[in-house]
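Visitor: sequence unknown, structure follows:
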């Protein structure tokens, strides 16, 4: 029972480098989400995807791009990394589509710790 | 937009009941209330979800008054392993911002 799998778990980048965080879920969920968590802060939504082929901005989308490759996979790309993007990134999925009031249970991955020097 | 307010931290002792209250004055009619638990270096984990009155599962109870402007997560007989951050999340009919977790409540359980 893998659930939500994120890769890589750790990454160090230099300012200006690009990278992609990968996320895959095996629960046949419709919705997928990318969050970032900074020390002492809650989780802030970066982007979400209500279904395959659709993506929408969350609270903090600047500096990021996403791709919902298929129903299973939702990737987050940093085109030109900045120190302000040093954070722990969490991917999540849900059976339910957003906007209905009942979010259902969000299943989270173990997180990807990114450091930008 | 529905915004949540929780205490920053709470302290308790093993075996006690802990009640964490979340304020959400602007909750939308169709929004549900969900609570999550997060341990260090892990993603949040679902605890319980409800719409009104009382919901109970094997680990917690959720009390929601008639006006739904607040909710209380009740953890019976906590143990050291319940030390974690607890987040209250309110629905999402008002848009994506309600899918953002606040700073949560850091619960410290002592022997």
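Guide: On my side now, so go ahead. Small disclaimer: the values here were computed from a predicted structure and weren't measured.

Visitor: burial of residue 27, as a residue count?
Guide: Just so you know, I chose chain A. For residue A:27, the count of nearby residues is 13 (other CB atoms under 10 Å in any protein chain shown). For every residue, glycine as well, the C-beta is placed using N, CA and C.

Visitor: not what I meant, chain B
Guide: Using other CB under 10 Å, residue B:27 has 25 neighbouring residues.

Visitor: residue in chain B nearest to chain A?
Guide: Per CB to the nearest CB, residue B:43 is where chain B lies closest to chain A, at 2.8 Å.

Visitor: what sits against that residue?
Guide: A:4, A:90, A:92, A:108, A:109, A:110, A:111 (CB atoms under 8 Å, 6 or more residues apart in numbering or on different chains).

Visitor: measure the closest residue to residue A:65 other than its chain neighbours to residue B:49 for me?
Guide: Closest residue to residue A:65 apart from its sequence neighbours, by CB to CB, 6 or more residues apart in numbering or on different chains: residue A:77 at 4.6 Å. As judged by CB to CB, to the nearest Å, residue A:77 and residue B:49 stand 32 Å apart.

Visitor: one more: residue B:84?
Guide: In terms of CB to CB, residue B:84 sits 18 Å off from residue B:49.

Visitor: and for residue A:99?
Guide: The gap separating residue A:99 from residue B:49 is 16 Å, by CB to CB.

Visitor: need the strands for chain A, in chain order.
Guide: If you assign secondary structure with DSSP state E, the strands in chain A sit at A:4-7, A:10-13, A:19-25, A:31-37, A:43-49, A:56-57, A:64-68, A:74-78, A:87-94, A:107-108, A:112-116.

Visitor: let me have the ones you listed in JSON lines, extended by distance to residue B:64 and mean pLDDT.
Guide: Output for the strands of chain A, formatted as JSON lines (distance: least, CB to CB, whole Å; pLDDT from 0 to 100):
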{"stretch": "strand A:4-7", "distance to residue B:64": "28", "mean pLDDT": "96"}
{"stretch": "strand A:10-13", "distance to residue B:64": "40", "mean pLDDT": "96"}
{"stretch": "strand A:19-25", "distance to residue B:64": "30", "mean pLDDT": "97"}
{"stretch": "strand A:31-37", "distance to residue B:64": "24", "mean pLDDT": "94"}
{"stretch": "strand A:43-49", "distance to residue B:64": "23", "mean pLDDT": "92"}
{"stretch": "strand A:56-57", "distance to residue B:64": "28", "mean pLDDT": "91"}
{"stretch": "strand A:64-68", "distance to residue B:64": "34", "mean pLDDT": "97"}
{"stretch": "strand A:74-78", "distance to residue B:64": "32", "mean pLDDT": "97"}
{"stretch": "strand A:87-94", "distance to residue B:64": "21", "mean pLDDT": "96"}
{"stretch": "strand A:107-108", "distance to residue B:64": "23", "mean pLDDT": "95"}
{"stretch": "strand A:112-116", "distance to residue B:64": "35", "mean pLDDT": "97"}
